[in-house]
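Give me the fold of what follows.
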Amino acid sequence: MKQPLAYIHPAAKIAPSVVIDPFVTIEQNVEIGEGTRIGSNVTIMEGARIGKNCTIFPGAVISAIPQDLKFQGEETLAIIGDNTVIRECVTVNRGTAAKGKTVVGNNCLIMAYCHVAHDCVVGDNVIMSNATQLAGEVVVDNYAVIGGGALVHQFCHIGPYVMLQGGALVNKDIPPFVKAAREPISYAGINSIGLRRRGFSTESIRDIQEIYRYLYLSGLNNSDAVERIEAELPATRERDEIILFVRNSKRGIIKGYV
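Next comes the predicted model:
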């Protein structure tokens, strides 16, 4: 739907059913899918790729250049999947030469004043509560829930189905299926309520609890704990996902609460 009070670059590719409110700015090299609504005073800059049936609330800025002094004007993207809601004054920067794109997945809720920096990858069904700030190249896996005001250090990895406390300062990786809380940020048990809501069986939840007993309550270091988990616990999708996450962690995983 054309809006005479909006500026839309003639080279932008916008599906016919997109609704654009007044005072929107849409630059060239932008693509927006069917059924999406763009609220007033939104700015969508070069390199944006926005999926179907999204809602972007007033004041958001999508695909601004990275806040990274190494950026040299290279052509990069900011990709937002289908059915994602971007609330007021959210900023999603496009990528750098490091990865070439910033990605926010499908069915996400990114609440007001959140920031998604260059080259981040946010999975599907993620909830980022108000004023969450992701530094560059952070990875947030599917179904993670991040409490309001959390600050996540660059290169950190937040695993799937994690529940992260509001106001957290995250400088280590957070493995799958857990709650992370306290200061400094620590393991606070598994996200059993979230897992039940997502259809995990009682047996699977017990298996996950047992894995984390080895990692956090056995007195073993992470490498020894992973070896014992692999040797002593039955192979499951969740077990293998946790083992792979811990082994691949570049920053190291959060510690248990002392």
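
Who are the contact partners of residue 49?
30-31, 77-80 (Cβ atoms under 8 Å, 6 or more residues apart in numbering). Any C-beta I mention is one placed from the backbone N, CA and C, and that applies to glycine too.

Now, those that are in strands?
Applying DSSP state E to the contacts of residue 49, the entries found in strands are 31, 77-80.

ok so, going back, can you add neighbour count and distance to residue 148 and give the contacts of residue 49 back as JSON lines?
What follows is the contacts of residue 49, written out as JSON lines (neighbours: other Cβ atoms under 10 Å; distance: Cβ to Cβ, whole Å):
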{"residue": "30", "neighbour count": "22", "distance to residue 148": "30"}
{"residue": "31", "neighbour count": "16", "distance to residue 148": "31"}
{"residue": "77", "neighbour count": "18", "distance to residue 148": "28"}
{"residue": "78", "neighbour count": "29", "distance to residue 148": "23"}
{"residue": "79", "neighbour count": "20", "distance to residue 148": "25"}
{"residue": "80", "neighbour count": "28", "distance to residue 148": "21"}
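
Rebuild the ones in strands among the contacts of residue 49 as CSV, extending it with pLDDT.
Shown next, in CSV, are the ones in strands among the contacts of residue 49 (pLDDT from 0 to 100):
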residue, pLDDT
31, 98
77, 98
78, 98
79, 98
80, 98
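
ranges for the helices of the stretch 51-200 of the chain?
Here the stretch 51-200 of the chain has its helices, by DSSP state H, counting those that start in this stretch, at 192-197.

coming back round to it: got the contacts of residue 49 as CSV, with distance to residue 9 columns?
Conversion of the contacts of residue 49 to CSV gives the following (distance: Cβ to Cβ, whole Å):
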residue, distance to residue 9
30, 7
31, 12
77, 16
78, 16
79, 19
80, 18
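
circling back to that earlier point, kindly reformat the ones in strands among the contacts of residue 49 as JSON lines containing distance to residue 184.
Output for those, formatted as JSON lines (distance: Cβ to Cβ, whole Å):
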{"residue": "31", "distance to residue 184": "42"}
{"residue": "77", "distance to residue 184": "35"}
{"residue": "78", "distance to residue 184": "32"}
{"residue": "79", "distance to residue 184": "33"}
{"residue": "80", "distance to residue 184": "32"}
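
Would you agree residue 59 is in contact with residue 41?
Yes: using Cβ atoms under 8 Å, residue 59 is in contact with residue 41, at 5.3 Å.
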